[in-house]
Every structure is written in structure tokens, then in C-alpha cells.
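**Q** Could you look at this predicted model? Sequence included:
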Amino acid sequence: MSSDVTTQAPIPRALEVLSQQPRVQRFLAAAVAEGRLSHAYLFVGAPGAGMVEAAFAVAQCALCPDGGDASCDDCIRIAHRTHPDVRYLKPESATGYLVSQVRDLIADVPLAPVRARSKVYIIDDAGLLRGASANALLKTIEEPPEGVMFILIARSVASVLPTIASRCQAIPFATTTVDAAEKSVELACGIGGTDARIALSVAQTPERAAEFLASAERREVRRLMVRAVAGLARDDSWDVLVAAREIVEAVRAPLADLKGAQEAALGERADYLASSAMRQIEEANKRELTARERSGMMEALAACDSLLRDVLIRCEGVSDRIVNEDAADVVDRIAAASGTEGVLAALDCVTRASRDLARNVTPQLTIEVMLLSIKEALACPPSFR
């Protein structure tokens, strides 16, 4: 991104979400005003920097007849993620993008837009584009059809294959402060303070934190995890296994509706789709359910990690404000009964659980082992009935 950013360009309303990234905001506003939006961007920065929000804002500017007024039908659809000409992709595998995902994208690129003048593809976690998937996408990014834009999102330029990164205009996002992230959450959903901090600790980014706060089911998972950790000192092994089961069931609860919607949509197409196409859709549906479940499990682990980090703050006597203020009594009780060494060992248990999920260990077993290991690490040896 050039350092001599034009500062006089008016800021489209769609780009107002980038108030915490003023340099990026001015650069993109100038590109919109001068009609020189690139066909391929690479947004790089740490989680929470607002890159996904920025990608959808750029999509609004690209598709809106008025350059991103944030109020037209196209802008509203993009903001709600229902616009047919803006596609958002995430890896459908724990290890990265599937070749089938990229092939479907490449097959879609030459098709005419459904309702807008152009199309935008937002590819999150672009650092996970590897091997055949990356090679399949390379030529399409290098020579896309007229009116097609790609926005890739990654932690750093180095994490993306050089052949892909070299074909994109890289835009670095500054690391945002906790206060700035909280403000972004409050702007997105009207909820700030302790609730926003908790949501950020669980969901990691302001955008996902706002979604977390809007979901009673996801907040229930966090509540159950806090309760499970709080009860480790008094619970026996059977109680711990029951708590683990409750957490997993809570993660899976909202997936029942999604599965029902998938089956209903598949049933409507059964009369005119070939059996091979039906199988492909069924496989894609299963991958989506698996990805959603894994995402929910990672949020549960993040809730546990956040709580234990607060305990560590108490054990070390640090004056920093804890995140989980609504569970301050739990934090204080665990800190009083444990020590720094035990809490660090407990945090290692959470890290191992994350690795186990990535290796496709069943969620139930992962949570059971993690909770029992934390119990032992905090000097609460298991008892048996």
C-alpha cells in the first residue's frame, strides 16, 4: 500500500466501519473516488483488525451504484451476507481449503453477475490455500474476467504462497487495541463493556463477537464451560463427564435446524438433480455441519482459556482487569486454591485439546480429557463413586 495516501477523498458510508484503521480507510476511499479499485487485494493483519468487515465494505463500494452509500438494496444485502454476487469462503477442512471448494469457485467466476454490475469473492484464511487448491486458483486471480474482484485475508503476506501474493495488492492492517475492538463490537450490536470483552475473548474478532452476542445458543455454551471449570474442585469424574456431554450437546443444538434446512433444500431438488450432483451436495452439507461444530467447539475452548488466563492474573497479583468479570467469584476461588504452575499446566491442557480437535479427535472425548486434565493440573485429583 502506497504511503502517499490521498487524504482529500470523501469517505463512503460503507467504509465508515474502518474508523479504527484510518490509513486503510483513506487509501480505499481514494481508490473508490478515483475508480481504481484493484481486481485482487490481500488484506493482512492480526485477528480482530477488522479485515473481514473491510472486505464486505469494499464489496459494497464495488457493487453499489453510488459507490458504497450503505443504504441501497445492494449494500444492505451485502451487509446481511445475502447478496448473490458476493461470496465469502472459509476452509471446509481442519487442514485447509478443499480442492473441490476452489474448483467450484473457479467454475462460478466466468458466470455473469446475478443482480449487480460485478462480483466479489472474499477468501478468508488465505494462508490455508495450499498445493492443488492454490495452483487451481492462481490463474483465475491473475487474469480474472472483467468485473470480478478477489479479496484474500491472511495473517501475513509470508503466510500466503508467493505466487498468489504477488498477484494481489497487499494492504496491511494495524493491530487494534482492546478498547478499539470493544468499540467495534458496540458499534456492530450496541453491546459494550464486560459483555463485549467476553465475546471478544471467545470469538476473537469484533465481527464474530457481535454474532456471538446475538446468539443465545453460543452464549449458553460459554456459560456451561464456565460452570464446568468452576465445579472441578468438588465434582467427581462422573460429574465431569456429564458436564462435558452437556457442553458438546449445547454446541450441536443449533446445528439441528441447519441440518433440517439442508435436508429440506435437498429434497426440493431431488426430482431434477442427478445422483452424482445429489451426492456432492450431501458431502458439502456434511462438511458445513462439521465446520460449524468445530467452530463451536473452538469457542468453548476459548471460553475455558479466557477463564484460566483470568485465574493466572489473580495468581500473579497483576493489576490488569480480568475479562470474565461476571465470573469473578469463580476466578478468585480457583486462584485461591491453585498456583501459577497449576494454572499454566491447565492452560496447556486447553492447547492440547485444540490440537486434538484439529486431528479429528471426537469433541466429546476432547472435552472430557481436557476437563479431567485441568482438574488434575489445578490440584483437584479425581475422585470416584
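**A** Yep, it's here.
**Q** quick one: the strand or helix carrying residue 196 to chain centroid distance?
**A** Using DSSP states H and E, residue 196 falls within helix 193-203. Here helix 193-203 is found 14 Å from its chain centre; the criterion is C-alpha atoms, centre = their mean, to the nearest Å.
**Q** name the helices or strands packed onto the following helix or strand past it?
**A** Downstream of helix 193-203, the first helix or strand assigned by DSSP H and E is helix 206-213. Under the contact definition 3 or more C-beta pairs under 8 Å, 6 or more residues apart in numbering; DSSP states H and E, helix 206-213 sits against helix 51-63, helix 178-189, helix 193-203, helix 216-230. C-betas here are computed from N, CA, C, even on glycine.
**Q** helices or strands next to the first one in the packing?
**A** For helix 51-63, the packing partners by 3+ C-beta pairs under 8 Å, 6+ apart come out as helix 22-33, strand 40-44, helix 73-79, strand 86-89, strand 119-123, strand 148-154, helix 206-213.
**Q** Throw the ones you listed into CSV and include distance to residue 364 and mean pLDDT, thanks.
**A** Putting those into CSV (distance: least, C-beta to C-beta, whole Å; pLDDT from 0 to 100) gives the following:
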stretch, distance to residue 364, mean pLDDT
helix 22-33, 42, 94
strand 40-44, 36, 96
helix 73-79, 37, 89
strand 86-89, 29, 93
strand 119-123, 32, 96
strand 148-154, 32, 96
helix 206-213, 23, 84
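**Q** Make CSV out of those and add mean neighbour count and distance to residue 183.
**A** Formatted as CSV, those follow (neighbours: other C-beta atoms under 10 Å; distance: least, C-beta to C-beta, whole Å):
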stretch, mean neighbour count, distance to residue 183
helix 22-33, 20, 14
strand 40-44, 24, 20
helix 73-79, 19, 19
strand 86-89, 19, 24
strand 119-123, 25, 23
strand 148-154, 24, 21
helix 206-213, 23, 9
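**Q** Between the ones you listed, which one is closest to residue 367.
**A** helix 206-213 (18.9 Å; C-beta to C-beta).
**Q** Can you give the contact residues for that closest one?
**A** The contact list for helix 206-213 (C-beta atoms under 8 Å, 6 or more residues apart in numbering) reads 48, 50, 52-53, 181, 184-185, 188-189, 191, 195-196, 199-200, 202-203, 218-219, 299.
**Q** do stretch 146-153 as well
**A** Residues from elsewhere that reach stretch 146-153 (C-beta under 8 Å, 6+ apart): 37-44, 51-52, 55, 58-59, 62, 109, 113, 117-126, 141, 144, 160, 164, 168.
**Q** quick one on the thing from earlier: adding distance to residue 356, write the helices and strands packed on helix 51-63 out as a markdown table.
**A** Formatted as a markdown table, the helices and strands packed on helix 51-63 follow (distance: least, C-beta to C-beta, whole Å):
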| stretch | distance to residue 356 |
| --- | --- |
| helix 22-33 | 37 |
| strand 40-44 | 29 |
| helix 73-79 | 37 |
| strand 86-89 | 26 |
| strand 119-123 | 27 |
| strand 148-154 | 25 |
| helix 206-213 | 22 |
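**Q** which one of those lies closest to residue 246?
**A** Comparing the helices and strands packed on helix 51-63 by C-beta to C-beta, helix 206-213 comes nearest, at 18.9 Å.
**Q** tell me the angle that closest one makes with helix 193-203.
**A** 110 degrees (axes from the mean of the first three to the mean of the last three C-alpha atoms, to 10 degrees).
**Q** Helix 206-213 vs helix 51-63, what angle?
**A** Here helix 206-213 points in a direction 110 degrees away from that of helix 51-63 (the same axes, to 10 degrees).
**Q** and the helix or strand hosting residue 244, which residues are buried?
**A** Using DSSP H and E, residue 244 falls within helix 237-252. Buried residues in helix 237-252, counted by 16 or more other C-beta atoms under 10 Å: 239, 240, 241, 243, 244, 246, 247, 248, 250, 251, 252.
**Q** any idea which of the helices and strands packed on helix 206-213 is most buried?
**A** Sort these by mean neighbour count, taking mean count of other C-beta atoms under 10 Å, and helix 51-63 sits at the top with a mean of 25.
**Q** starting at the chain centroid, how far to it?
**A** Between the centre of helix 51-63 and the centre of its host chain there is 16 Å, according to C-alpha atoms, centre = their mean.
**Q** Stretch 77-87 now?
**A** That offset, for stretch 77-87, works out to 17 Å (C-alpha atoms, centre = their mean).
**Q** one step back: what's the angle from the helix holding residue 196 to helix 178-189?
**A** Angle, helix 193-203 to helix 178-189, by the same axes, to 10 degrees: 100 degrees.
**Q** quick revisit: relative to residue 98, which of the helices and strands packed on helix 51-63 is closest?
**A** Taking C-beta to C-beta, strand 86-89 is the member of the helices and strands packed on helix 51-63 nearest to residue 98, at 10.5 Å.
**Q** same for the closest one, what does it pack against?
**A** Against strand 86-89 (3+ C-beta pairs under 8 Å, 6+ apart) you get helix 51-63, helix 99-108, strand 119-123.
**Q** Could you list the residues in contact with it?
**A** By C-beta under 8 Å, 6+ apart, strand 86-89 touches 52, 55-56, 59, 63, 78, 81, 97, 101, 105, 108, 119-124.
**Q** check contacts around residue 254.
**A** 215, 217, 218, 296.
**Q** actually residue 326, sorry about that
**A** 194, 198.
**Q** swap the cut-off to 7 Å and go again
**A** Counting by C-beta atoms under 7 Å, 6 or more residues apart in numbering, residue 326 touches residue 194.
**Q** for this protein, what helix or strand is lowest in average pLDDT?
**A** Sorting the helices and strands of the chain by mean pLDDT, DSSP states H and E puts helix 255-269 at the bottom, at a mean of 68.
**Q** next helix or strand past that one?
**A** Past helix 255-269, the next helix or strand by DSSP H and E is helix 275-316.
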